[in-house]
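Turn this into a model:
(one chain, ligands or ions: 1)
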Amino acid sequence: MDLVDHLNALRTERNRAAHGDRPQSAGESTLRVAETRPHLEQALIKAKFLTQLPWLLTISCSYQPRSHTFDVIAHDVMGDHPDFERREFTWPNPVANDVFYILSPEGPVSLSPFVASLFCPQCQQMEVCYATRTAKNSGPAILKSFARGHAVHSSNLGDEIRSLPQGSAQ
Ligand SMILES: [Zn+2]
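Modelled structure (predicted):
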């Protein structure tokens, strides 16, 4: 089984519980935990490579006509929020501004619409948020801040999530 199989097993269990199929007895709970725990452990082990990949929040991207490359300035999101350090890169392809990317060995990979920097009305400042849910046909996506779990709504990200290929937004 690969990482996605383990995550799918955890998602299936999560959906069972969310849709009323919770364990009804201590024995059933024990059995479900025994079935689910190996998936959680394997998912953590197989996702460990992610700890080696830095997260960036792009600030600007400008084309350099002479070298046909893009000069990118980004916050290194691994430091203490909100005092992220700035880093500069030269990349062969453009990136969007104010978007989170994972810097993989093959280059930047966008984390939008799953992670976003949004203004939190409760904290009155920008917060790093992850998508939790969105309605099927219209309306904003609901994201939560990593730091405090505050809910933040985003109309743009709602549309972006709905435009994902079918099966990816489940
Ligand atoms: Zn907040």
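
I'd guess residue 160 is in a helix, am I close?
Yes. Checked against DSSP: H, G, I helix; E, B strand; the rest coil, residue 160 lies within a helix.

where's the residue lying closest to it once chain neighbours are set aside, which helix or strand?
Using CB to CB, 6 or more residues apart in numbering and skipping the chain neighbours, the partner closest in space to residue 160 is residue 113 (4.0 Å). Just so you know, the C-beta spots here come from the backbone N, C-alpha and C atoms, and that holds for glycine as well. Here residue 113, judged by DSSP states H and E, is contained in no helix and no strand.

name the element the closest residue to residue 50 other than its chain neighbours belongs to?
Computed as CB to CB, 6+ apart, the closest residue to residue 50 that is not its neighbour in sequence is residue 102, at 7.5 Å. Here residue 102 sits within strand 100-104, counting by DSSP H and E.

buried sites along that strand?
Residues 100-103 are the ones in strand 100-104 that count as buried (16 or more other CB atoms under 10 Å).

go on, stretch 115-127?
Applying 16+ other CB under 10 Å to stretch 115-127 flags 115-118, 120, 126-127 as buried.

What of stretch 148-163?
Under 16+ other CB under 10 Å, the buried positions of stretch 148-163 are 150, 152, 154, 157-158, 160-162.

how about these in a markdown table, adding pLDDT?
As requested, the buried residues of stretch 148-163 are exported to a markdown table (pLDDT from 0 to 100):
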| residue | pLDDT |
| --- | --- |
| 150 | 96 |
| 152 | 96 |
| 154 | 94 |
| 157 | 93 |
| 158 | 93 |
| 160 | 92 |
| 161 | 92 |
| 162 | 93 |
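
Please list which of these are also close to the ion.
Among the buried residues of stretch 148-163, the ones lying near the ion by CB under 5 Å from the ion are residue 150.

contacts for the longest helix along the chain?
If you go by DSSP state H, the chain has its longest helix at helix 26-46. Residues outside helix 26-46 that contact it (CB atoms under 8 Å, 6 or more residues apart in numbering) are 1-3, 6-7, 9-10, 13, 23.

Most neighbours out of these, which is it?
residue 6 (20 neighbours; other CB atoms under 10 Å).
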